[in-house]
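Novice: show me how the following folds:
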Amino acid sequence: MSPEDQIVNLLSRWLARHVGNDDLARALDEIGRDRLAPEHAEAVEELRTELERAGASSRGSLEVAVRETLEVLAFG
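Specialist: Purely as a prediction, here's the structure:
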């Protein structure tokens, strides 16, 4: 599975509340950004920054960032 597909799967699971913020951040770090296209890596990095700002409990502000990242990964 490509890194993009792994991230799309992960973000979908987060939206369905099967993955928490901490798990999302950890998994994004494990997948890494080195094999992503530049625009995909940038979107994931922006999401990672939003995750750091939000902390472990906030979801509201993150939902927009997650959906934007999904859009970039899916539609480029």
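Novice: C-alpha from now on. contacts and neighbour counts both.
Specialist: OK.
Novice: contacts only, for G55.
Specialist: 21-22 (CA atoms under 8 Å, 6 or more residues apart in numbering).
Novice: quick one: it from N9, how far?
Specialist: Distance of G55 to N9, computed by CA to CA, to the nearest Å: 21 Å.
Novice: and the helices in the protein, which stretches?
Specialist: 3-15, 21-31, 38-54, 60-75 (DSSP state H).
Novice: so which elements touch the longest one?
Specialist: Packed against helix 38-54 by the contact rule (3 or more CA pairs under 8 Å, 6 or more residues apart in numbering; DSSP states H and E) you find helix 21-31, helix 60-75.
Novice: among those, which is nearest A41?
Specialist: With CA to CA, the closest approach to A41 among the helices and strands packed on helix 38-54 belongs to helix 60-75: 9.2 Å.
Novice: just to revisit the earlier point, want to throw the helices of the chain into CSV with mean neighbour count and mean pLDDT?
Specialist: As requested, the helices of the chain are exported to CSV (neighbours: other CA atoms under 10 Å; pLDDT from 0 to 100):
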stretch, mean neighbour count, mean pLDDT
helix 3-15, 17, 97
helix 21-31, 15, 95
helix 38-54, 17, 94
helix 60-75, 16, 93
